[in-house]
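Got a sequence here, can you build the structure:
(one chain, ligands or ions: 1)
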Amino acid sequence: MIIAIDGPAASGKGTVARALAARFGLPHLDTGLLYRAVGFAALTRGLDLEDAAALAALAAGLDLAAFDPEALKSGPVGEAASRVAALPQVRAALLKLQRDFAARPGGAVLDGRDIGTVIAPQAEVKIFVTASPEARAARRYRELSQRGEAVSETSVLEDIRRRDARDSGRASAPLVKALDAVELDNTALSAAESVARALEIVAARI
Ligand code: C5P
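Numbering: from 1, shown residues only. Now for the predicted structure:
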């Protein structure tokens, strides 16, 4: 069984994906980490975030295990990830790794922006996790503040809106709900309620 979880920044799709993976004993790939790793490596090496050829070469040689997941979670790395993710050459360089993961014999859970549309259109279960920009900004603000990043809630909301616009407006694999995905709007739900709803969606599909 392939479970595809897509949705915008800070929608809680990671929480849903991890819970479903644990529940069904499936491996989980947070594909945002791949783009974040490319963004992080590009920032560290001082690469131009528009140099598609250099960034694609970086993405092609990427070893996710070499990165500290914590270092990938910062606001600036998320912003760099969203910029490099708009480049078709970078997306192409990361495609095989993601498709291979989805094709694992026992199945898999993947979360990102284009799992149900591009990476695994054949997925048995597709969930589009979303929430209002304000609810997502409040969550991301809490997360970043807990990490000790000095941010304001207003600037986090602006970042979320900018990322939404870039992720949805890009020509290459834009963030869009697959026609056969079930939408899970968790604006008014707790994380536990969101997971419970996702389990119902899976149960109805298998
Ligand atoms: O989900 P997360 O915020 O970690 O993703 C970081 C960025 O990576 C997103 O803003 C998006 O631009 C990009 N991304 C993508 N396709 C995916 C996963 C992430 O374009 N499948």
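
which stretches of this structure form helices?
Here the chain has its helices, by DSSP state H, at 13-24, 32-45, 52-60, 75-84, 88-102, 133-146, 153-169, 191-205.

Identify each buried residue in the fourth one, please.
Of the residues in helix 75-84, those buried under the neighbour-count criterion (16 or more other Cβ atoms under 10 Å) are Gly75, Val77, Gly78, Glu79, Ala80, Ala81, Ser82, Arg83, Val84. The way it works is simple: take the backbone N, C-alpha and C, and place the C-beta from them, glycine included.

Let me see the contact set for the first one.
The contact partners of Gly75, by Cβ atoms under 8 Å, 6 or more residues apart in numbering, come to Leu144, Glu149, Val151, Val156, Asp159.

please redo it, this time with the cut-off set to 6 Å
Applying Cβ atoms under 6 Å, 6 or more residues apart in numbering to Gly75 gives the contacts Leu144.

Next, name the residue at the spatial heart of this protein.
Gly112 (3.1 Å; Cα atoms, centre = their mean).

pretty sure that residue contacts Thr31?
Yes: judged on Cβ atoms under 6 Å, Gly112 makes contact with Thr31 at a distance of 3.5 Å.

now the nearest residue to Leu33 once chain neighbours are set aside: how far from Leu157?
Spatial nearest neighbour of Leu33, excluding adjacent residues (Cβ to Cβ, 6 or more residues apart in numbering): Leu72 at 5.8 Å. Computed with Cβ to Cβ, to the nearest Å, the distance linking Leu72 and Leu157 is 22 Å.

Tell me which of those two has more neighbours.
Using other Cβ atoms under 10 Å as the criterion, Leu72 and Leu157 rank with Leu72 on top: 20 against 17.

and the more buried one, what pLDDT?
The per-residue pLDDT reported for Leu72 equals 95.

Tell me which residues touch it, please.
Leu72 is in contact with Leu33, Arg36, Phe40, counting by Cβ under 6 Å, 6+ apart.

Now for the residue lying closest to Asp114 once chain neighbours are set aside, how many residues are close by?
Spatial nearest neighbour of Asp114, chain neighbours left out: Ala173 (4.0 Å); criterion: Cβ to Cβ, 6+ apart. The tally of other residues near Ala173 (other Cβ under 10 Å) stands at 20.

What of Gly106?
By other Cβ under 10 Å, 9 other residues sit near Gly106.

distance of it from Pro27?
Taking Cβ to Cβ, one finds Gly106 at 8 Å from Pro27.

what do you get for Val16?
As judged by Cβ to Cβ, Val16 and Pro27 stand 16 Å apart.

Compare the two and say which is more crowded by neighbours.
Val16 (26 against 12).

That one against Ala198, yeah?
Yes: counting by Cβ under 6 Å, Val16 does reach Ala198; the two are 4.6 Å apart.

And the pLDDT at Ala178?
So Ala178 comes in at 96 (pLDDT).

Grab the nearest non-local neighbour of it.
Gly116 (3.7 Å).

Settle this for me: that neighbour is touching Ala181, isn't it.
Yes: if you go by Cβ under 6 Å, Gly116 and Ala181 touch, sitting 5.1 Å apart.

Any chance you could list residues touching both of these two?
Common contact partners of Gly116 and Ala181 (Cβ under 6 Å, 6+ apart): Lys126.
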